[in-house]
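S.K.: I would like to see how this sequence folds:
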Amino acid sequence: MTVIVKKVESYGDVPNFVRYVLENLNLFENLEVKSIRTLPEKILIKPNFLKWDSGISTTHPEVVRSVAAFLKNSGKKVFIYEGGFTKNVADRYFEKFSLHEFGECFNMNRGEFIEVKVGGKKLKTAKISKKALELLKDSAFFVSLPKLKVHHLSLITIGVKNNMGFLKKPAINMHRKINEKLVDLLNVLNPHLVIVDGIVGGENSESNTVAVNHGVMLAGDNVVEVDAVGAYLMGFDPLDIRFLKIAEDRGFGECDVSRIKVIGDDISGLRRKYSISGIRRMLGRLSI
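M.R.: Purely as a prediction, here's the structure:
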């Protein structure tokens, strides 16, 4: 599988990166479709709107807008679905940044959830947004738009953990054995394409986030491999990220960056060192 990495220094440059990725789907070996024209009619976009802020702990609205606008202008029916940590945060983003202009916006926290058999080693069932599942069953193309940031339980939260936004809140039952459960969830929620906002990344913790002016975006057709490259860019050894190693062992993708095809800019020159709060690390060891 292939991961594209490029230096993108401002949100004004996002449309160029998005256009490059979506006009070159043939670069991704894992995708059955090789062009915008042959993409399914329906596109499900899942950003990360954890809480209301200026785009430090959340996917910047310009990333969502650029992806949705390009796909809409290409004749696709766009669906932007998100829940967020609190009940109303997704609606606030939809309205404030006029995301309704680019597709159907739906706050999953306000919708119905159904219990789904996951069949994982630790996660047997999960309550997942009914509308999202219906879209995916209707052959919608799933685009995940996560943020590049740290997490006190899983060390990083990028594409794999973005899937938790489809679950009924609170999802605290995911915390114990979270690494195994995140991989289990890939059995039912596995994006076709991942485009990561790392222009401003997030360190310290996933909620009390401190900005990292990183100036990078990445994209790929395998969420595990995108997360592995993202972890490397954040200064971690992907082999030390437990959920990535579990995912590799179960055949979901590579987590050794040396075995991943990375194209674009030199990733060694784009690497930063993200820190995690000492208090949050301690809570992470307690699975709190």
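S.K.: Please report phi then psi for E62.
M.R.: phi -70, psi -30 (degrees, to the nearest 10).
S.K.: leaving aside the residues next to it on the chain, what's closest to it?
M.R.: Spatially, and ignoring its direct neighbours in sequence, E62 is nearest to Y11 (4.3 Å; CB to CB, 6 or more residues apart in numbering). C-beta here means a position set from N, CA and C on the backbone, and glycine is covered the same way.
S.K.: can you pull the contacts of the one you found?
M.R.: Going by CB atoms under 8 Å, 6 or more residues apart in numbering, Y11 touches G55, H60, E62, V63, I199.
S.K.: pLDDT at it, what is it?
M.R.: As predicted, Y11 sits at a pLDDT of 97.
S.K.: any idea how far it is from F79?
M.R.: For Y11, the distance to F79 equals 23 Å [CB to CB, to the nearest Å].
S.K.: ditto for E112
M.R.: 16 Å.
S.K.: dump the residue contacts of V210.
M.R.: I56, G202, E203, N204.
S.K.: switch the cut-off to 7 Å
M.R.: Residues in contact with V210 (CB atoms under 7 Å, 6 or more residues apart in numbering) are G202, E203, N204.
S.K.: Dump the residues you listed into JSON lines; add distance to A228, pLDDT and neighbour count as well.
M.R.: As requested, the contacts of V210 are exported to JSON lines (distance: CB to CB, whole Å; pLDDT from 0 to 100; neighbours: other CB atoms under 10 Å):
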{"residue": "G202", "distance to A228": "18", "pLDDT": "95", "neighbour count": "29"}
{"residue": "E203", "distance to A228": "19", "pLDDT": "95", "neighbour count": "22"}
{"residue": "N204", "distance to A228": "22", "pLDDT": "92", "neighbour count": "21"}
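S.K.: Which of the residues you listed fall in strands?
M.R.: G202, E203 (DSSP state E).
S.K.: quick one, which of E112 and F79 is more surrounded?
M.R.: Counted by other CB atoms under 10 Å, E112 and F79 do not tie: F79 has more neighbours, with 19 against 10.
S.K.: hmm, who's touching stretch 248-263?
M.R.: With contact meaning CB under 7 Å, 6+ apart, stretch 248-263 is reached by 1-5, 27, 183, 186, 222, 224-225, 228-229, 232, 238-239, 241, 244-245, 247.
S.K.: and that stretch, C-alpha only, in PDB?
M.R.: Only the C-alpha atoms of stretch 248-263 are listed here, as PDB (Å, rounded to 0.1, in the frame of the first residue of the first chain):
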ATOM      1  CA  GLU A 248      -0.100  -5.900  11.700                       C
ATOM      2  CA  ASP A 249      -0.200  -9.300  13.400                       C
ATOM      3  CA  ARG A 250      -3.800  -9.700  12.400                       C
ATOM      4  CA  GLY A 251      -3.100  -8.800   8.800                       C
ATOM      5  CA  PHE A 252      -4.600  -5.300   8.600                       C
ATOM      6  CA  GLY A 253      -1.400  -3.700   7.300                       C
ATOM      7  CA  GLU A 254       2.200  -3.000   7.900                       C
ATOM      8  CA  CYS A 255       3.500  -0.900  10.800                       C
ATOM      9  CA  ASP A 256       7.200  -1.000   9.900                       C
ATOM     10  CA  VAL A 257       7.700   2.200   7.900                       C
ATOM     11  CA  SER A 258      10.600   0.700   6.100                       C
ATOM     12  CA  ARG A 259       8.200  -1.700   4.500                       C
ATOM     13  CA  ILE A 260       5.600   0.900   3.500                       C
ATOM     14  CA  LYS A 261       5.800   2.700   0.100                       C
ATOM     15  CA  VAL A 262       5.900   6.400   1.000                       C
ATOM     16  CA  ILE A 263       5.900   8.900  -1.800                       C
END
